[in-house]
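Participant: Provided below for reference: sequence and predicted model.
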Amino acid sequence: MKFFNGHWEKQKGVTVYQPKEIYESAIREEELYFLAPDREIIGRGMTLDGVLLTFHVSVAGEGIFHIVAEHYQGIKKRGPEFSLALERQTIDCREENGKFILCSGKNELHIIKKPFSMEFYCEGRYMTRMETSDFGYIRTEDTGVLLYEEQAGPVYMRGATGLSVGEKIYGLGERFGPFVKNGQSIDMWNEDGGTSSDLSYKNVPFYLSDRGYGIFVNEPGRVSFEVGTERVEKVGFSVPGERLDFFYIGGSTMKESLGLYTGLTGRPALPPEWSFGLWLSTSFVTDYDEKTVMEILDRMQDAGIPLSVFHFDCFWMKGFHWCDFLWNEEIFPDPAGMLKRLHERGLRLCVWINPYIAQASALFQEGMEKGYFIQKTNGDVWQWDKWQAGMAIVDFTNPEAKAWYQARLEELLALGVDCFKTDFGERLPVQGVCYYDGSEPERMHNYYSYLYNETVFETVKKIKGEQDALVFARSGTSGSQQFPVHWGGDCFARYEAMAESLRGGLSLTMSGYGYWSHDIGGFEDTSSPDVYKRWVAFGLLSSHSRLHGSGSYRVPWLYGEEAVEVLRHFVKVKQNLMPYLLEKAKENHDTGIPLMRAMVLEFPGDMTCGTLDLQYMLGDRYLVAPVFDSSGTVTYYLPAGQWKHYFTGEQLQGPVWRTDTVDYFTLPLWERLC
């Protein structure tokens, strides 16, 4: 959010109170505590009629500084809160030459008393700075009346870090626009907007600098980031209310900071081996029954295309009844027998769900009577007609509602289902509603996706065991990476959407997520055979691979016989890479370093890699450059080192730019030899 109008002026009605100096301080066992008034105190009278910010600075783990700045402290704290693995340490702090120096491993935080500022160092190298003007308590729609009188507009707390010359910022969740976030204004607010907009299903208030450090704003609700926009030499972040809580994560490299961040917010679980194979979906709004499903599977088998997972999308349930978790027996009269027959084919089985209960659902009356849904403040169930007529939303803050929902899932797992596609979870009301545990609706809006996927993941883990625990999720926030796998949402069936999907995936994996998938062939509309075949190559060289769309099946023969051959070919390529992929998945589980990696993450010292978003690394060894043009031409970059082409055996010494024109059975896939 922008509070200033250029460098000199503020927006109309905005008043900013900035900490000018440290007035009083104390070093406690676990924190440095200090008071910072909005003026220089040159006499006793200056302590009257002013704003005073209270700071708490601590060490939350080696290399991690936790900074909290508060204005009014009498505000009742309402949930939710991110679940964090804090490792509070006895603070190593000394005072010298008018500043405090806090140490944590190879990191130092220098807090200058007057004028107030903070400087961050790693191994003696300057990382970033926060000046007195970077902090602020902000009143909007200010009337100019005395400070103790009621103000008309909302209030905010603000912070900002400096951008060094040439410094680039990444992350902030799954974003489909420019991969480098410099020059963007970004709000953390989960929305169902597709991949062709600046909205996101997965907002993560964490950014990563190519200098090596990261900033995590510990606020599950709306956080506004101004990345080199309001101030071109700053990354600003603001939150509504009286408290700013953030972590400086001080790795010397981006990989190290990702490891520290995921150690704090949760490392991804290790997906089961079968999940890395090919998934085939019934697709959305298609007509199918068991006979259709078996015919499709027979034809895939006859084509020599091995499948790992078969997915039933929404219409395994009856229309208007989502979700009642009941098979539409007019179409599937023997669901248990069908699932058994599918298992006998060696398939794992996934079904679509969401956290919404339609009014026609068999579960609606029970959920309403027992108070299992998000309610209006007058006690009524909150409902609307978007998606499903009269639908309500399960309130996962109610332990009984959570157990009730999980019991429905357990019934499906007992029947033969192996995992769930956890769709939606972004459209949450914030006005005039309340949660069972008293959580603030604005703060719950993004965090709901965490509770939803945690609920489902826990259930699968309980019934199927840790080795087979998996969801296929669309929405998320900080910490949701613990519940893999995530996919990129609704994309169009064209090259532009294929490229924007890749940008979204790379942005997400720079935000702590280890695994990412997308709808091969595009979701909306039906692609040309050309786009389908190119997307197949890209999809089978992603961490997880699913054929899924809307209105038509994504089976290869609908795109021509060559598409069948192309799909079979790249499934075998992925099978050959499987031991390596499983090794890198274990690495992600242990360290938080993603399986699909932006070039800049693997080659941080190569300035060319800083902006590359049309190619990526699969682990640390394989470079993938998908084809995004009907001519089959692709231009890409090989960094320094010795490289070997996976398909041709050709070897090259990097760094080098290269342009290839390739057929549908190949693409630039290079193995890094050294």
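Facilitator: Sure, I can see it.
Participant: How many residues are close by G193?
Facilitator: 15 (other CB atoms under 10 Å). Glycine gets a C-beta too; all of them are placed from N, C-alpha and C.
Participant: In contact with it, which residues?
Facilitator: G193 makes contact with L199, S200, Y201 under the criterion CB atoms under 8 Å, 6 or more residues apart in numbering.
Participant: Kindly recompute the last result at 7 Å.
Facilitator: Counting by CB atoms under 7 Å, 6 or more residues apart in numbering, G193 makes contact with L199.
Participant: Now do it against L32, distance only.
Facilitator: For G193, the distance to L32 equals 42 Å [CB to CB, to the nearest Å].
Participant: Kindly report the same for L540.
Facilitator: Distance from L540 to L32, by CB to CB: 52 Å.
Participant: What of E24?
Facilitator: Where L32 is concerned, E24 sits at a distance of 12 Å (CB to CB).
Participant: Looking at the two now, which is surrounded by more residues?
Facilitator: The residue with more neighbours, out of E24 and L32, is L32; 23 against 12, by other CB under 10 Å.
Participant: And the more buried one, how close does it get to K113?
Facilitator: 12 Å.
Participant: Overlap in contacts, those two.
Facilitator: With CB under 7 Å, 6+ apart, L32 and K113 have no common neighbours.
Participant: how close does L669 sit to T265?
Facilitator: Look at L669 and T265: by CB to CB, they are 32 Å apart.
Participant: Between those two, which has more neighbouring residues?
Facilitator: Set side by side, L669 and T265 show more neighbours around T265, with 24 against 20, by other CB under 10 Å.
Participant: Give me the phi and psi angles of the more buried one.
Facilitator: Note on T265: backbone dihedrals following degrees, to the nearest 10 are phi -100, psi -10.
Participant: what's the pLDDT at the closest residue to it other than its chain neighbours?
Facilitator: Spatially, and ignoring its direct neighbours in sequence, T265 is nearest to G479 (4.6 Å; CB to CB, 6 or more residues apart in numbering). Looking at G479, its pLDDT reads 98.
Participant: Start the count at 518 instead of 1 going forward.
Facilitator: Okay, residue one is now 518; in that scheme the one you just asked about reads as G996.
Participant: G996 contacts E598, doesn't it?
Facilitator: No: G996 lies out of contact with E598 (CB atoms under 7 Å); the separation is 10.5 Å.
Participant: More neighbours: these two, which one.
Facilitator: Neighbours around G996 and E598, counted as other CB under 10 Å, are more numerous at G996. The numbers are 22 against 14.
Participant: any idea how far that one is from K938?
Facilitator: For G996, the distance to K938 - CB to CB - is 20 Å.
Participant: before we move on, what about E917?
Facilitator: Taken as CB to CB, the spacing of E917 relative to K938 amounts to 25 Å.
Participant: So for these two, which residue has more residues nearby?
Facilitator: Ranked by neighbour count (other CB under 10 Å), E917 and K938 place K938 first, with 24 against 12.
Participant: Who does that one form a beta bridge with?
Facilitator: Beta-bridge partners recorded for K938 (DSSP bridges): W869, F989.
Participant: Make sure it is actually in contact with S992.
Facilitator: No: applying CB under 7 Å, one finds K938 not in contact with S992, separated by 11.8 Å.
Participant: got a list of contacts for stretch 527-537?
Facilitator: 519-522, 553-557, 568, 570, 632-633, 649-650, 652-659, 670.
Participant: Pull the contacting residues for F763.
Facilitator: F763 neighbours (CB under 7 Å, 6+ apart): I584, G676, I732, F733, V734, N735.
Participant: swap the cut-off to 6 Å and go again
Facilitator: Taking CB atoms under 6 Å, 6 or more residues apart in numbering, we find F763 in contact with I584, V734, N735.
Participant: same check, this time on C610
Facilitator: Neighbouring residues of C610 by CB under 6 Å, 6+ apart: I544, L549, F617, L619.
Participant: Just the pLDDT for the closest residue to the third one other than its chain neighbours.
Facilitator: Sequence neighbours aside, I628 is the residue nearest to F617 in space, at 4.4 Å (criterion: CB to CB, 6+ apart). I628 is assigned 98 on the pLDDT scale.
Participant: how near is I628 to F1145?
Facilitator: Applying CB to CB to I628 and F1145 gives a distance of 48 Å.
Participant: same check, this time on A820
Facilitator: 26 Å.
Participant: One more: W1160?
Facilitator: Separation of W1160 from F1145 (CB to CB): 21 Å.
Participant: Comparing the two, which residue is more hemmed in?
Facilitator: W1160 (23 against 18).
Participant: just checking, the more buried one is part of a strand?
Facilitator: Yes: under DSSP: H, G, I helix; E, B strand; the rest coil, W1160 sits within a strand.
Participant: can you pull the contacts of it?
Facilitator: L1169, G1171, W1187.
Participant: Go ahead and confirm the second one touches K1161.
Facilitator: Read that as G1171. No: using CB atoms under 6 Å, G1171 makes no contact with K1161, being 11.5 Å away.
Participant: Of those two, which one has the most company?
Facilitator: More crowded of G1171 and K1161, by other CB under 10 Å: G1171, with 18 against 14.
Participant: Make sure I have this right: that one is in a helix.
Facilitator: No: under three-state DSSP, G1171 falls outside any helix and is assigned strand.
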